[in-house]
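In: Any chance you can model this:
(one chain, ligands or ions: 1)
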Amino acid sequence: MTAPTTPLAYLKGHGTENDFVIVPDPDNALDLPPRLVAALCDRRAGVGGDGVLHVVRSAAHPEARAMAAEAEWFMDYRNGDGSVAEMCGNGVRVFARYLQRAGHVRAGDLAVATRGGVKRVHLAKDGDVTVHMGRATLPEGAVDVTVGARTWPAYNVNMGNPHAVAFVDDLAHAGDLLAPPPFAPAEVYPDGVNVEFVVDRGPRHVALRVHERGSGETRSCGTGACAVAVAAALRDGADPAASGTPVTYTVDLPGGRLVITQRPGGEIEMTGPAVIVAEGVITTEWLETAFG
Ligand SMILES: N[C@@H](CCC[C@H](N)C(=O)O)C(=O)O
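Out: Have a look, this model is predicted:
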């Protein structure tokens, strides 16, 4: 793998305004060091985005080779600071939309390999995209999240990546979210955590703000919306396994709306939009500066 030194094709996309720089690289020929990812995501000196979707054939990537028989394409997701994350729910929808646009897949059902396992996706040609996100896990142990003088107990929900979900009276209580909200005990999330602040909007309808690990406050987080739906169902005593019926929450985020359904077997589905905004070329001059 080599760091790119010739013009680099990219696209820009978003899902409920969680925005991504998409870098197609089917043969995994590019080295994308954290510094380059962070430079691409820079909103003033780069393209701008909450993260990078590196599009690679599963067979060409050491982390995805074992999934190649099930899913031809691997979403190598990176946060805006260049760090690697296990999963990105909005990213998977945008990734699928890119594959459709590039002619790699048709509308309908497909599979995408991620570090969080293979995700089944249903892709409508001009409509929303549904991702089968798998089951949440609920690691043991109480967690508190603090902003200023306020501290809340949080639900610890893992969607392949870690989330701390705090129900608050007012989304403004989350403050400016310019830094990761402190949590305790520190050892619960040794690799950091995504933190969601949630208010009720009505029956099975919530709204949230999120501070994402590695990206800061974003306009949406798909895994975060799923974690919030799981936490809300626990709080509300809405157990799909016990009732034998699916439980659906509407989740409003600053950048749009996601609909999250938990099936009786625990499987979670997320539905929402996925948009390709632009495509272009990163110049050699800029790449030299980014590596300079
Ligand atoms: N925005 C994503 C989550 C991206 C990864 C997250 N920041 C992490 O580090 O776990 C989503 O839509 O799920």
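In: And the helices in the stretch 151-292 of the chain?
Out: 222-236, 240-243, 284-291 (DSSP state H, counting those that start in this stretch).
In: Which of the ones you listed sits closest to the ligand?
Out: Closest to the ligand of the helices of the stretch 151-292 of the chain, according to Cβ to the nearest ligand atom: helix 222-236, at 3.3 Å. Heads up, the C-betas are built off the backbone N, CA and C, glycines and all.
In: The residue lying closest to residue 123 once chain neighbours are set aside: neighbouring residues, count only.
Out: Using Cβ to Cβ, 6 or more residues apart in numbering and skipping the chain neighbours, the partner closest in space to residue 123 is residue 96 (4.9 Å). The local packing of residue 96 (other Cβ atoms under 10 Å) involves 27 other residues.
In: Residue 96 contacts residue 274, doesn't it?
Out: Yes. Contact criterion Cβ atoms under 8 Å: residue 96 and residue 274 qualify, at 6.7 Å.
In: shared neighbours of those two, anything?
Out: By Cβ atoms under 8 Å, 6 or more residues apart in numbering, residue 96 and residue 274 have these common neighbours: residue 129.
In: List the buried residues in the helix or strand hosting residue 36.
Out: Element membership of residue 36, judged by DSSP states H and E, is helix 34-41. Buried residues in helix 34-41, defined by neighbour count with 16 or more other Cβ atoms under 10 Å: 36, 37, 38, 39, 40, 41.
In: Identify, from those residues, the entry nearest to the ligand.
Out: Checking the buried residues of helix 34-41 against the ligand by Cβ to the nearest ligand atom gives residue 41 as the nearest, at 11.8 Å.
In: on that earlier part again, just the buried residues of helix 34-41 that are near the ligand?
Out: When the buried residues of helix 34-41 are filtered against the ligand using Cβ under 6 Å from any ligand atom, no residues are retained.
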